[in-house]
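Trainee: the following comprises the amino acid sequence and a computationally predicted model.
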Amino acid sequence: DAFSLLRGFETNAFAGNRVALMNIEYRWPLARPERGFKTWPVFIHTAHAAAFADAGHAWSNEFRLAEVKTSFGGEVSADVVLGYSLRLTFTAGAAWGQDGQSGSDSATAYVRVGRAF
């Protein structure tokens, strides 16, 4: 699934026999509450934010640099502990994508459970 990590586009929007993908991400902590509500078996461990830029291309016959898709955006995440031991990451983000092949732009909002990669 990491090959589908071109944020700013719908999942499986592009296809080909070959794929090239590059992700650059800067992540920083927002808070480390490490707390929950009373004795409930759920608590927030860490909240963090990220800014990112992605570039990728899927092709079958010939790689064309002009057709590379790019996107940039940001996201906020929370590391949550369930049942005192199961750690999950919940993420919400937005991205702006540019399709080098068609020249069209698109904006996408997304929600994800689990790490990006």
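Mentor: Everything's here; your move. None of the values given here were measured: they were computed from a predicted structure.
Trainee: pull out the buried positions in stretch 53-62.
Mentor: Residues of stretch 53-62 classed as buried: 53-59 (neighbour count, 16 or more other C-beta atoms under 10 Å). Every residue, glycine included, has its C-beta placed from N, CA and C.
Trainee: how about these, which pair is most distant?
Mentor: Of all pairs drawn from the buried residues of stretch 53-62, the greatest distance, 20.6 Å, lies between Ala53 and Trp59 (C-beta to C-beta).
Trainee: and the closest residue in space to Pro29 that isn't next to it in sequence, which helix or strand is it part of?
Mentor: Nearest non-adjacent residue to Pro29, counting by C-beta to C-beta, 6 or more residues apart in numbering: His48, 5.0 Å away. Assigned by DSSP states H and E, His48 belongs to strand 42-59.
Trainee: give me the angle between the helix or strand following that strand and strand 42-59.
Mentor: Next along the chain after strand 42-59, taking DSSP H and E as the criterion, comes strand 69-82. With axes from the mean of the first three to the mean of the last three C-alpha atoms, to 10 degrees defining the directions, strand 69-82 sits at 160 degrees from strand 42-59.
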